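Asker: have a look at this prediction, sequence included:
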Amino acid sequence: FQAIGNRLADGLTTFRAMQELSESEARFRTLVERAPDAIVVVDVESGVYVDANENAARLYETTVDELVMNYGPVYLSPEYQPDARRSADAAAEQLALALDGDFPKFEWTHITVNGEPIPCEVVLARLPHPTKKLIRGNITDIRARLAAERDRKDLEARLAQAHAAAVKGSDLTHRLLAFA
């Protein structure tokens with residue numbers, strides 16, 4: 001009877017461990033799916049996304065099913081980044097940093113599946129896997145931030161012009177009063 005009891009206890013322990021693992025995976029999936037960023041996982045060897053959340057699909061204007069295994073970071077980037085580097089070369093450098101254990105954070109221009117540019121901020125991290133080289137990418141669309149920065153610079157330039165005109169007008173008023 002003791003052997004049967006031990007086998008039942010082992011079975012119960014295994015069942016509980018599997019249940020906890022399942023709950024942990026569900027929590028992780030919910031965490032990724034509800035993240036405000038686009039989250040992708042790229043297989044470095046194949047260069048394609050092997051997982052993605054809905055926000056990634058929205059960013060690239062496609063579906064998760066279409067995104068995964070059909071596209072990767074180089075496929076959804078222009079040939080050249082704004083700094084004139086080839087996207088393939090720049091991506092390889094950033095992925096290598098992540099594979100080495102760094103957490104590179106950088107600006108990157110992606111494109112939608114229809115070719116529209118998307119300025120982004122990207123953070124990469126290596127994911128543990130026994131046989132594959134996987135990198136998680138958190139991608140933030142920064143179009144709104146860049147537009148706000150352009151608006152701020154425009155307002156600053158207009159303010160500087162208005163200030164210069166006011167100073168010039170004040171100087172002219174002083175000169176006219178001096179002759180009067």
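Answerer: Thanks, I have the structure now. Residues are numbered from 1 along each chain as shown.
Asker: parallel or antiparallel, list what pairs with the longest strand along the chain.
Answerer: Using DSSP state E to define each element, the chain has its longest strand at strand 117-127. Note on strand 117-127: by DSSP bridges, its sheet partners are strand 105-111 (antiparallel), strand 134-141 (antiparallel).
Asker: what does the shortest one rub up against?
Answerer: Residues lying outside strand 105-111 but in contact with it, judged by Cβ atoms under 8 Å, 6 or more residues apart in numbering, are 59-60, 73, 76-78, 81-82, 90, 94, 117-124, 139, 142. Yep, even glycine has a C-beta here, placed from its N, CA and C like the rest.
Asker: related to what we said a few turns ago, closest to N55 out of the strands paired with strand 117-127?
Answerer: Nearest to N55 among the strands paired with strand 117-127 is strand 134-141 (8.4 Å), distances taken as Cβ to Cβ.
Asker: which residue is nearest the centroid of this protein?
Answerer: I139 (0.9 Å; Cα atoms, centre = their mean).
Asker: so what's that residue up against?
Answerer: The contact partners of I139, taken as Cβ under 8 Å, 6+ apart, are D37, A38, I39, V40, A56, L59, W108, H110, C120, E121, V122.
Asker: so what's it closest to, chain neighbours aside?
Answerer: A38 (4.1 Å; Cβ to Cβ, 6 or more residues apart in numbering).
Asker: circling back to that earlier point, can you lay out the strands paired with strand 117-127 as a markdown table showing distance to F179 and mean pLDDT?
Answerer: Formatted as a markdown table, the strands paired with strand 117-127 follow (distance: least, Cβ to Cβ, whole Å; pLDDT from 0 to 100):
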| stretch | distance to F179 | mean pLDDT |
| --- | --- | --- |
| strand 105-111 | 56 | 97 |
| strand 134-141 | 59 | 97 |
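Asker: okay if I get those strands as TSV plus distance to V64?
Answerer: Formatted as TSV, the strands paired with strand 117-127 follow (distance: least, Cβ to Cβ, whole Å):
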stretch	distance to V64
strand 105-111	16
strand 134-141	14
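Asker: tell me the mean pLDDT for the helix or strand hosting L59?
Answerer: Using DSSP states H and E, L59 falls within helix 54-60. Mean pLDDT, helix 54-60: 96.
Asker: how about the CA coordinates for it, as CSV?
Answerer: What follows is helix 54-60 as a C-alpha-only set of coordinates in CSV (Å, rounded to 0.1, in the frame of the first residue of the first chain):
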residue,chain,number,x,y,z
GLU,A,54,-1.7,42.1,-31.0
ASN,A,55,-0.1,45.5,-30.6
ALA,A,56,2.8,44.4,-32.9
ALA,A,57,0.2,43.3,-35.5
ARG,A,58,-1.5,46.7,-35.3
LEU,A,59,1.8,48.5,-35.6
TYR,A,60,2.7,46.7,-38.8
